[in-house]
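[1] Predicted model, plus sequence, below.
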Amino acid sequence: MATETKLHPRNQHKDGYDFVRLVAQLPELEAFTTRNPAGRTTINFQDDKAVRTLNRALLKTYYGIDYWDIPDNYLCPPIPGRADYVHYLADLLASSNNQEIPRGRDIKALDIGTGANLVYPLIGQSEYGWHFTGVDIDPVAIKSARHICESNKLKITLRQQKIPKNIFKGVIEPGDAFHVTLCNPPFHSSIEQARKGTERKWRNLGKEDTSKLNFGGQNAELWCPGGEIKFIASMIEQSVAFADQCLWFSSLVSKKDNLQTLYRILGKAKVKEYKVVEMAQGQKTSRFIAWTFIKESQRSIYVNRINR
């Protein structure tokens, strides 16, 4: 018996993929559909074109995105999991706003490593009307993200990080104030580790080995020296310099074993509070860690101030 997903209650994908509706919105998806052993409609998730077409259908059907595409070999992320992160961030902001989710363009979100796919801003602006700033070190990714924005007439700010070792410096400007940052960090410490992780995942799913990385991805999207723990540690350390320019900093954490180390680093950074939010997605559990330097008594004021 298949394990049911436990996506966020507001996640539009919590009941699985409605292929009838998706094909009606994007007929070209039908060519990629097949039946699983249980007789349910699905696609081959090892087929890059199938996954890309599914994402195109999901973004069109649920988020009003008429055009979406990415360059070959760039990360093609699973939409339901990305949406979960956005919804739980909305809950996080609500916890600082008398349990009311703040909506509209006055709410500013900073997406670190937005990628060529721009998925977090696309979901967040559709679901909550937030204004997003997407940042990436890769000029090709920024070009792709800008094309998606222009094709859909979206007002999303894009900034290229010119110095890879910097995460916030150079992209958070003196007059900026963000309510939340989000990040899907590079998980692996090398391309070989990334490849082995993908092969292990497919074996666990009972699929044949594949030399292709799951859902594609460029080097900067999948790995960096020191891997996930090093990247998030640097993010925490660098966030101190921007403590009063963001209410909640956050990042996904794929490896639960990394949390204890991150707690110690957060303690050294003297944050006012940190939280770990678990997100159950199908047969796996994901999570993000969030931290703030803003006193609890000041958070509601921060949420409701209008950035000009």
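    Cool, got the structure.

[2] Residue 139: neighbouring residues, count only.
    For residue 139, the neighbour count with other CB atoms under 10 Å is 10. Heads up, the C-betas are built off the backbone N, CA and C, glycines and all.

[3] Let me know whether it touches residue 160 as I believe.
    Yes - contact criterion CB atoms under 8 Å: residue 139 and residue 160 qualify, at 6.0 Å.

[4] How much space separates residue 70 from residue 138?
    Going from residue 70 to residue 138 by CB to CB, to the nearest Å gives 12 Å.

[5] Which parts of the stretch 1-150 of the chain are helices?
    For the stretch 1-150 of the chain, the helices defined by DSSP state H, counting those that start in this stretch occupy 19-25, 48-63, 79-95, 119-128, 139-152.

[6] any idea which of the ones you listed is most buried?
    Ranked by mean neighbour count, those are led by helix 119-128 with a mean of 24 (mean count of other CB atoms under 10 Å).

[7] Would you mind getting the angle between that one and helix 139-152?
    Relative orientation of helix 119-128 versus helix 139-152 (axes from the mean of the first three to the mean of the last three CA atoms, to 10 degrees): 30 degrees.

[8] which stretches of the stretch 201-308 of the chain aren't confidently modelled?
    Low-confidence segments of the stretch 201-308 of the chain (pLDDT under 70): 201-226, 282-283, 306-308.

[9] all strands of it, in order?
    Using DSSP state E, counting those that start in this stretch, the strands of the stretch 201-308 of the chain run over 246-252, 273-281, 284-292.

[10] just these: most buried one?
    strand 246-252 comes out most buried of those by mean count of other CB under 10 Å, with a mean of 25.

[11] Name the residues that touch it?
    Identification of contacts with strand 246-252 by CB atoms under 8 Å, 6 or more residues apart in numbering yields 85, 89, 92-93, 96, 110, 112, 172, 177-185, 232, 235-236, 239, 286-292, 294, 299, 302-303.

[12] Direction included, what does it pair against?
    Strand pairing for strand 246-252, determined by DSSP bridges: strand 178-183 (parallel), strand 284-292 (antiparallel).
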